[in-house]
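> Provided below are the primary sequence and the corresponding predicted coordinates.
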Amino acid sequence: MRVLFIGDIVGKSGRNALTEHLPFLKEKYGYDLLILNGENAAHGKGITSKIYNSFVELGADCVTLGNHAFAKDNIYTFIDRADRLIRPYNMSPMNVGRSVKILKHEGKKIGVFNIYGNAFMENYTLTPFESMDLLMQENPCDIRVVDFHGETTGEKYAFLHGYYDKASLIVGTHTHVQTADEQIYNGCRFICDVGMTGAYDSVLGRDSEEVVETNRTGIRTRYQVSRNPGMLSAVWVDIDLETGRAVGIERIQLLP
């Protein structure tokens with residue numbers, strides 16, 4: 001089974017890059033499951049029902065979120081009905097939405113888990129370890145895929161060493177910078193950060209002039225997302241359905 005995971009989609013440039021490149025990715029890699037992180041999809045913060053539905057129409061089997069999951073007020077009107085949308089389990093509020101999506105492929109149950117890091121993050125509740133243990137108990141499945149939405153490499157590597165024997169794939173999201181550490185560790189595929197799908201000429205997807213001015217003056221601004229042409233960052237991963245262990249992993253970066 002081949003999984004394509006696409007990193008944080010940032011604003012309209014990211015959405016356009018996704019739409020542009022997805023047919024090529026499908027033809028070249030022939031993936032079976034498509035998972036993408038959509039927490040920055042709506043003007044850089046959060047997601048709307050319209051954008052979520054557009055991802056489903058493009059073939060997304062699961063859309064994960066992160067620290068901006070609840071940035072748009074209307075998320076509360078549709079998150080419980082959006083059966084392919086998951087939010088980090090250990091982030092407040094914890095009483096809306098779901099944090100695991102169970103997919104089925106050739107008789108196997110594939111669980112996609114959304115976990116939130118604690119280091120340098122806000123609104124977290126439980127630790128990633130407590131969260132993963134609880135979610136595994138409540139959601140039995142044959143193969144586990146984890147989107148670990150967190151800031152630091154050390155926390156993500158700690159999670160890898162805690163769950164490599166229980167997860168088939170652990171991908172990091174949030175920093176928007178693709179790391180060159182894709183690997184198979186004791187049968188678990190891992191990358192510290194998939195990177196972003198957003199404006200290439202930008203500061204992590206934001207308008208670079210605005211960010212520079214903010215850093216120069218210290219004055220907070222309106223969070224302008226860059227409108228420059230977008231890049232796409234992703235990984236594809238092969239999973240042996242019988243063993244649930246690693247066969248291959250490769251990172252992808254398509255520039256404008």
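Sure, I can see it.
> Mind telling me which residue is nearest the centre of the protein?
Residue closest to the mean C-alpha point of the chain, counted by CA atoms, centre = their mean, is Asn37 at 3.3 Å.
> so it makes contact with Asp193?
No: Asn37 is not in contact with Asp193 according to CB atoms under 8 Å; the separation is 10.6 Å. (C-beta placed from N, C-alpha, C; glycine too.)
> and for those two, which residues touch both?
Taking CB atoms under 8 Å, 6 or more residues apart in numbering as the contact rule, Asn37 and Asp193 both touch Gly7, Thr173.
> hmm, who's touching the lowest-mean-pLDDT helix or strand in the chain?
Ranking every helix and strand in the chain by mean pLDDT, DSSP states H and E puts helix 208-217 at the bottom, with a mean of 91. For helix 208-217, contacts defined as CB under 8 Å, 6+ apart pick out Asp201, Ser202, Val203, Ile219, Arg220, Thr221, Arg222, Gln224, Ser226.
> Filter those down to just the buried residues.
Among the contacts of helix 208-217, those buried by neighbour count (16 or more other CB atoms under 10 Å) are Ser202, Val203, Gln224, Ser226.
> I figured the last one hits Asn40, correct?
No: taking contacts as CB under 8 Å, Ser226 lies outside contact range of Asn40: 11.8 Å.
> ok so, going back, need the next SSE after the least confident helix or strand of the chain, C-terminal direction.
Heading C-terminal from helix 208-217, the first helix or strand you meet, by DSSP states H and E, is strand 232-239.
> That next one pairs with which strands, parallel or anti?
In the sheet containing strand 232-239, its partner strands are strand 2-6 (antiparallel), strand 246-254 (antiparallel), by DSSP bridges.
> Cool, thanks, signing off.
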